[in-house]
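> Need a 3D model of the following:
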Amino acid sequence: MFINQILDGLKNLHKPQRFFLQTLFSTMMVCQSSINFLSLARHCKFNERTFRRQFRRQFDFSALNRQIIEKCLVSPPIAVAQDATFIKKSGKKTFGLDKFWNGSHSRAEKGLETSVISIVDHRQNASLCLSAAQTPPNLATDERQTERATRVDFYLQHFQQSVAYFPATIKYLLVDGFYAKLKFVGGVCRQDFHLISKLRIDAHLKYLYSGEQKPRGAKRKFDGKVDFTDLSKFAAERLKIDKKYVKLYSKAVFSVSLKRVVKLVVVKYKKRRVNLFSTDTKQSAEEILKLYRSRFTIEFLIRDAKQSAGLEECQARDQKALEFHWNTSFSTVNLARMQANQRNSPGERKPFSIKSIKQQFFNEHLLELFICKLGLEQTLIKYQEHFENLRNFAVISP
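Numbering: from 1, shown residues only. Okay, here's the model as predicted:
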């Protein structure tokens with residue numbers, strides 16, 4: 001079983017927990033209904049209490065995901081992505097209930113939130129989850145409130161805790177515009193990483209002065225404010241992306257809000273304008289745009305976890321069980337992608353569908369159950385061509 005290949009590489013894993021994790025992930029891959037304690041108990045020999053008890057035990061999911069990622073990547077990664085996602089949850093006794101931003105409804109709603117960090121594989125245009133942590137409640141939302149911990153502090157802390165599990169080739173962190181704040185950007189750069197994100201459309205930026213300096217007095221640093229209606233001082237280039245052409249205007253400028261020099265890339269497409277930036281001032285405009293575009297793969301990772309791995313279906317109320325369930329959901333998506341890569345021929349790229357992978361596991365599980373319960377000869381059945389057709393029954397992309 002491919003799950004055993006991953007568990008074999010983990011240290012300090014006791015035999016009872018190893019057997020539970022093997023059964024858990026196997027059950028997650030075949031479960032076609034809502035994934036919670038009750039439905040998991042219906043699909044395996046463990047009862048509901050076993051799942052509730054095991055979900056409160058400590059387990060290093062980052063080490064597990066690192067093992068999966070090493071088997072999935074086709075080339076050394078250079079970037080990680082970080083984002084937070086809203087989790088619907090009802091009830092009054094659940095830990096972490098607060099007002100969080102729900103991007104699906106474009107408003108703040110009462111529920112839970114988890115911060116997700118993923119390794120970005122730009123060759124496969126995919127993200128593989130490394131770590132998921134619950135956002136604590138009652139944190140300040142205004143960064144100017146220095147006397148209280150803010151959500152930005154938590155996101156930065158989650159990033160710092162995950163650095164130890166990053167591959168050595170990682171150089172960049174990809175985040176959306178919410179994370180483009182002084183405290184977060186400064187904390188990432190102090191960890192010797194560069195950050196690529198998006199600035200406000202009306203961002204306050206200044207040109208760097210490069211002319212002659214006066215012989216006496218303070219040196220002149222800036223040469224006026226950046227006017228986005230006049231980009232004549234920027235280096236311009238035209239780039240073709242997805243059969244469409246975009247215009248890129250790039251220049252090293254000083255960001256007043258971030259208090260540092262950044263590489264600004266103004267992306268113009270038809271009448272739209274987006275301001276991207278990188279703390280690596282030597283990076284090319286094309287690379288900044290392509291890396292930022294790859295950030296959206298973390299959105300697909302979260303979507304798969306919600307639709308097919310039960311991310312929003314946990315029945316627990318305490319923090320340990322919630323985080324265990326969420327990390328299990330993301331690890332299931334990682335395992336499904338690893339299995340899809342192993343079934344492909346070398347150099348072959350097929351569209352990834354976790355629904356298809358789960359359907360194949362369910363069909364195979366059901367066929368083996370029939371063979372076992374009816375006392376049939378396995379070798380005579382599994383080597384027939386009809387067995388493969390039955391295994392791929394109702395699969396979207398076999």
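> Could you list the paired strands of the helix or strand harbouring residue 133 along with their orientation?
Element membership for residue 133 (DSSP states H and E) is strand 126-134. Under the criterion DSSP bridges, strand 126-134 sits next to strand 107-121 (antiparallel) in its sheet.
> Same question for the strand it pairs with: list its buried residues.
The neighbour-count check on strand 107-121 (16 or more other CB atoms under 10 Å) flags 111, 112, 113, 114, 115, 116, 117, 118, 119, 120, 121 as buried. To be clear about C-beta, it is placed using only N, CA and C from the backbone, and glycine gets the same treatment.
> So the fourth one is in contact with residue 135, correct?
Yes: in this structure, residue 114 is within contact of residue 135 by CB atoms under 8 Å, at 6.7 Å.
> residues shared between the contacts of these two?
In terms of CB atoms under 8 Å, 6 or more residues apart in numbering, residue 114 and residue 135 are both contacted by the residues residue 84.
> doesn't residue 27 make contact with residue 40?
Yes: the pair residue 40 / residue 27 is scored as a contact, 5.4 Å apart, by CB under 8 Å.
> circling back to that earlier point, past the strand holding residue 133, which element shows up next along the chain?
helix 151-162.
> Which residues belonging to that following helix are considered buried?
For helix 151-162, by 16+ other CB under 10 Å, it's 151, 152, 153, 154, 155, 156, 158, 159, 162.
> repeat for stretch 89-107
In stretch 89-107, the ones that count as buried by 16+ other CB under 10 Å are 89, 94, 95, 96, 97, 98, 100, 101, 102.
> Kindly report the same for stretch 227-235.
Those would be 231, 234, for stretch 227-235 by 16+ other CB under 10 Å.
> same question, stretch 292-308
Neighbour-count burial for stretch 292-308 [16+ other CB under 10 Å]: 292, 293, 294, 295, 297, 298, 301, 302, 304, 305, 306, 308.
> out of everything not next to it in sequence, what's closest to the fourth one?
Distances taken as CB to CB, 6 or more residues apart in numbering place residue 174 nearest to residue 295, at 3.8 Å, with adjacent residues excluded.
> Spit out the contact partners of the one you found.
Contacts of residue 174 by CB under 8 Å, 6+ apart are 79, 80, 81, 82, 120, 196, 197, 291, 292, 294, 295, 298.
> where does it fall, phi/psi-wise?
Per-residue torsions, residue 174: phi -110, psi 120 (degrees, to the nearest 10).
> What's the mean pLDDT across stretch 315-325?
Across stretch 315-325, the average pLDDT comes to 94.
> got a list of what residue 305 touches?
Taking CB under 8 Å, 6+ apart, one finds 129, 311, 326, 329, 330, 332, 333 in contact with residue 305.
> same thing but 7 Å
By CB atoms under 7 Å, 6 or more residues apart in numbering, the residues touching residue 305 are 311, 329, 330, 333.
> what's the answer for residue 331, then?
By CB under 7 Å, 6+ apart, the neighbours of residue 331 are 61, 64, 65.
> I'd guessed the first one sits against residue 327; true?
Which is residue 61. Yes: using CB atoms under 7 Å, residue 61 is in contact with residue 327, at 3.9 Å.
> So what's the residue count around residue 126?
Close neighbours of residue 126, defined as other CB atoms under 10 Å, add up to 20.
> quick one on the thing from earlier: okay if I get the buried residues of stretch 292-308 as CSV plus distance to residue 280 and secondary structure?
Converted to CSV, the buried residues of stretch 292-308 look like this (distance: CB to CB, whole Å; DSSP: H, G, I helix; E, B strand; the rest coil):
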residue, distance to residue 280, secondary structure
292, 13, helix
293, 17, helix
294, 16, helix
295, 15, coil
297, 20, helix
298, 20, helix
301, 25, helix
302, 27, helix
304, 30, helix
305, 30, helix
306, 33, helix
308, 36, helix
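> Among those, which one sits closest to residue 245?
residue 293 (15.0 Å; CB to CB).
> show me the contacts for that closest one.
Residue 293 neighbours (CB under 7 Å, 6+ apart): none.
> ok, and for the strand or helix carrying residue 287, which residues are buried?
According to DSSP H and E, residue 287 maps onto helix 285-294. For helix 285-294, burial by neighbour count (16+ other CB under 10 Å) applies to 285, 287, 288, 289, 291, 292, 293, 294.
> ditto for stretch 177-193
In stretch 177-193, counting by 16+ other CB under 10 Å, buried: 177, 179, 180, 181, 184, 185, 187, 188, 189, 193.
> Looks like the last one contacts residue 173 (just checking).
Yes: with contact taken as CB under 7 Å, residue 193 and residue 173 are classed as touching, separated by 5.4 Å.
> now the strands for the stretch 251-398 of the chain?
For the stretch 251-398 of the chain, the strands defined by DSSP state E, counting those that start in this stretch cover 260-269, 272-278.
> Just put the buried residues of helix 285-294 in CSV and tack on distance to residue 31.
Shown next, in CSV, are the buried residues of helix 285-294 (distance: CB to CB, whole Å):
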residue, distance to residue 31
285, 46
287, 41
288, 41
289, 40
291, 36
292, 36
293, 33
294, 31
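> Nice, that's everything, thank you.
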